[in-house]
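Q: Starting from these lines, generate the structure:
(chains A and B)
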Amino acid sequence: MINSGIACLSLALGLGVFAFGAALGGIKRKNEIWLENSRKASYGSVLFTAGAGLVLLRAFLADDFRFAYVARNSERSLPLIYKVSAFWAGQSGSLLLWLLLLSVLALVILGRKKYKRDNLDLKVTAVIHALRILFLFLLVFVTSPFEKAEVLFGDGQGLNPMLQSLGMVVHPPILFLGFSGFAVPFGLAVVALGERGKGAAWIKASRPWLLFSWLMLTMGIVTGGQWAYNELGWGGYWAWDPVENASLFPWLTATALIHALWLPVQRRYTKFWCFLLTALTFLLTIFGTFLTRSGVLDSVHAFAGGILGNIFLVVLIALAAFSFYLGLSRRNLLIGEKASQEDTSWFSKEGGILAGLVLLLLIFGAVFLGTMFPLLSRALGGREIVLDAEFYNQISVPLFLALFLILGFAPFLNKGRTNWRRLGRKIGLPGLLGLGAALLFYFRSSGHLAGSLSFGIGTFGILTHLCGLLSKFNRHKLGVALAHIGVLIMLLGISGSSIFVQDTFQSVEPGQSLQVGGYRLDYSGLRTVWGVNQHAVETTLEVYQGDKYFGEITSRKIFRQNREQPATDVGILSTFKEDLYLNLAGWQGQTAQLHVQTFALVLWIWIGSAIIYLGVIIILVPFGRLLKKLGR
Amino acid sequence: MAGKKMKVIVLLAIPVLILGFLAFQGFKNSAAYYYSVAEVSAMELTQNKLRIKGELVKDSVDYDAQIPLLKFSLVEEGHLLPVIYNGVMPDNFTHADEIIVEGKLEASGQFQVSKLMLQCPSKYEGEE
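A: Residues are numbered from 1 along each chain as shown, chains lettered A, B, ... in the order given. Purely as a prediction, here's the structure:
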């Protein structure tokens, strides 16, 4: 079975190289036979990649511990769903997953009728093949998921208990899907510029791909934060860790890109922005992989260092050089004639978008600089210096606030030039209410400036978007407004949960209770729950608010067989106002150490993110047309 | 024309200065200097925040869950660094290959940790 996996990957690699070469040659020589063969080889390569994926999946499901990778990451008694997710728990498996997602994208592109003209499907697929070949090469020659186990583990070494959670089932595939999706806009741009096309069709064609990938990336980042919040027990969802930042880089540039794609194409610099941001976003997805696989930065999430990091670095430099060359040699196509710049005021929709782009790039620059600072300080001959959350907060919070302030005006900025008087009339009420919210927050938080500003700005923006919908309504406007409102609700949630925190650590005996915020938690003892191959020590506390019963909250430590290391399940009691967060930290006999925290408005973060998803889906899916089709 | 240029430069300078100031402030409060265990054992007292990576001495772990207070030692090339951490012992603590601590060196020679990071065998997850 192992050999069939290796064979599948090798064949996929061979066919991928052939498809890439034949597409390039066929296009150059306008040879239809080559192109047809390239198409066939593409399907073949994708097919064998899927074959390799199935071989590994089968090995996980059948507990085939002859596969070293399976033995390392799974065990016989693992629940089925974690046997599936153990697929991407290690290095080579996650590379294979990414490769599979890229292959699916190639398949989708090859199947699209729209892309058949001028063999656009083959050309874009060729760019994806370039990336697929890299991954296949790594999987065949550097880090194979199909290595034979040297020692046979009868039941497998098991999956790290912390990865046995729903968050780790969904987070990696979604994130990788987002990452791989950005290859398509890059491919479209490369093909268009490579052929010196004058038009801007690639910009329009990029839009759905970009929206989809952005949606996936956003979901990936949020589910990662949720996993940390639910699983790690320290009560946070974002720590400005290098690898977290690495997923934020392409998110920031892709967010800028989404807005650039809707700038009027006839403007002088629109194509330039689109290409710059497309290339940057794509490069940053590779860069993120480099950071996680190279171990150059001490990240708590990173895999160990090795040759893989060097290979990614070389590829990264090559891709950056290629993109730079392409942009530079096609600058006449990217930057329009001077005369094409119409007389637009800065105080317009375009001006707002441009200001937003600059702010997003500044945030990206600051976070990037901070993340790379250890390397920079070492390269400059000094001692390695690591920056933490305080640096990132200090610099990014004002920039984000400026961005969100501009966002609040978005619904009432007009194309070309904004009508001042109309704007004044429209923003009066939201502005006043925003000010009220800021003042209210100011007094409640005893003078927290950044928090008050974010509450004022958030409230203002949510209200202007709602007002904007009242005055003009269509599908696109609704989607945009929802996405913006979702972001602003997240802003409120993030500010609230990082500013209003209460924290207590206490050792309690049965019958005792502890106080935190307005809550009283009654502790009645521990119990041990036995399950298949595991047992858990858990406690359930009754929570009272004043004299009123509020609910129960349970936290447990789970001990799995053959594993010394336990896993903690925190207890969370969520309301719109705040989360009560319980962590069973330890015990002796029936005396338990409990760490109880409250975080305000956490639920708003998750609700805000869901509203963003809804907004993007509404923009992306032409529901009206779909309904008509169904009606026919 | 020159006047307009001046205006643009001044307008750009203000946010740049503000950003620079913020970056500097953030840097001052958060910069942690990387030292090896060996270097720390030989160094003089400093107010700088330090970041140290070392291997955990397994039988040095002394945990009082009631407070909670975690004491342990890090080792690197024969040099030992006693460390104290006022916090809950992470689940995967004794399984970590390498431990990264951030904090300050005290006059007693003990290292007071403000942030504890673990690198785990699977190299995939972290805990603070």
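
Q: nearest spatial neighbour of residue 70, skipping sequence neighbours?
A: The chain I'm using is chain A. Counting by C-beta to C-beta, 6 or more residues apart in numbering or on different chains, A:Val70 lies nearest to A:Ala59, which is 4.8 Å off, once chain neighbours are set aside. No exception for glycine: its C-beta is placed from N, CA and C like everyone else's.

Q: That was the other one, I meant chain B.
A: B:Tyr85 (4.4 Å).

Q: mind checking the backbone torsions on that neighbour?
A: With angles defined as degrees, to the nearest 10, B:Tyr85 sits at phi -140, psi 120.

Q: Same check on A:Thr591?
A: Per degrees, to the nearest 10, the backbone of A:Thr591 is at phi -80, psi 120.

Q: OK, contacts around the closest residue to it other than its chain neighbours?
A: Leaving aside its sequence neighbours, A:Thr591 sits nearest to A:Glu509 (C-beta to C-beta, 6+ apart; 5.2 Å). Residues in contact with A:Glu509 (C-beta atoms under 8 Å, 6 or more residues apart in numbering or on different chains) are A:Tyr523, A:Gln590, A:Thr591.

Q: Can I get the lowest-mean-pLDDT helix or strand in chain A in CSV, CA atoms only?
A: Within chain A, confidence by mean pLDDT, DSSP states H and E is lowest for helix A:623-631 among all helices and strands, at a mean of 80. Provided in CSV are the C-alpha atoms of helix A:623-631 (Å, rounded to 0.1, in the frame of the first residue of the first chain):
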residue,chain,number,x,y,z
PHE,A,623,-29.2,34.3,-5.6
GLY,A,624,-31.6,36.1,-8.0
ARG,A,625,-30.3,34.4,-11.0
LEU,A,626,-30.2,31.1,-9.2
LEU,A,627,-33.9,31.4,-8.3
LYS,A,628,-34.8,32.2,-11.8
LYS,A,629,-32.9,29.2,-13.1
LEU,A,630,-34.7,27.0,-10.6
GLY,A,631,-38.1,28.5,-11.6
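
Q: So what's the residue count around A:Trp34?
A: Neighbourhood size, A:Trp34 [other C-beta atoms under 10 Å in any protein chain shown]: 19.

Q: Checking my notes, it in a helix, right?
A: Yes - according to DSSP: H, G, I helix; E, B strand; the rest coil, A:Trp34 belongs to a helix.

Q: can you pull the contacts of it?
A: A:Ala22, A:Ala23, A:Gly25, A:Gly26.

Q: roughly how far apart are the second one and A:Phe282?
A: Read that as A:Ala23. Look at A:Ala23 and A:Phe282: by C-beta to C-beta, to the nearest Å, they are 19 Å apart.

Q: quick one: A:Ile311 is in a helix?
A: Yes - counting by three-state DSSP, A:Ile311 falls inside a helix.

Q: Kindly tell me how buried it is, as a neighbour count.
A: That count, for A:Ile311 with other C-beta under 10 Å as the rule, works out to 18.

Q: Help me confirm that it comes into contact with A:Leu139.
A: No - if you go by C-beta atoms under 8 Å, A:Ile311 and A:Leu139 don't touch, sitting 11.9 Å apart.

Q: And the pLDDT for A:Ala339?
A: The model reports A:Ala339 with a pLDDT of 59.

Q: where are the low-confidence patches of chain B?
A: The model of chain B has pLDDT under 70 over residues B:1-2, B:119-128.

Q: Distance of the residue nearest the centre of chain B relative to chain A?
A: By C-alpha atoms, centre = their mean, chain B has its centre lying nearest to B:Glu102, at 2.3 Å. Noted for B:Glu102: a distance of 7 Å to chain A, by C-beta to the nearest C-beta, to the nearest Å.

Q: For my notes, confirm that residue occurs in a helix.
A: No - counting by three-state DSSP, B:Glu102 is located in no helix; its state is strand.

Q: That one pairs with what?
A: Taking DSSP bridges as the rule, B:Glu102 bridges to B:Arg51, B:Lys115.

Q: need the contact list for it.
A: A:Val386, A:Asp388, B:Ala32, B:Lys49, B:Leu50, B:Arg51, B:Ile52, B:Val113, B:Ser114, B:Lys115, B:Leu116, B:Met117.

Q: What's the separation between the nearest residue to A:Lys577 once chain neighbours are set aside and A:Leu80?
A: Leaving aside its chain neighbours, A:Lys577 sits nearest to A:Ala600 (6.7 Å; criterion: C-beta to C-beta, 6+ apart). Distance check for A:Ala600 against A:Leu80: by C-beta to C-beta, it reads 38 Å.
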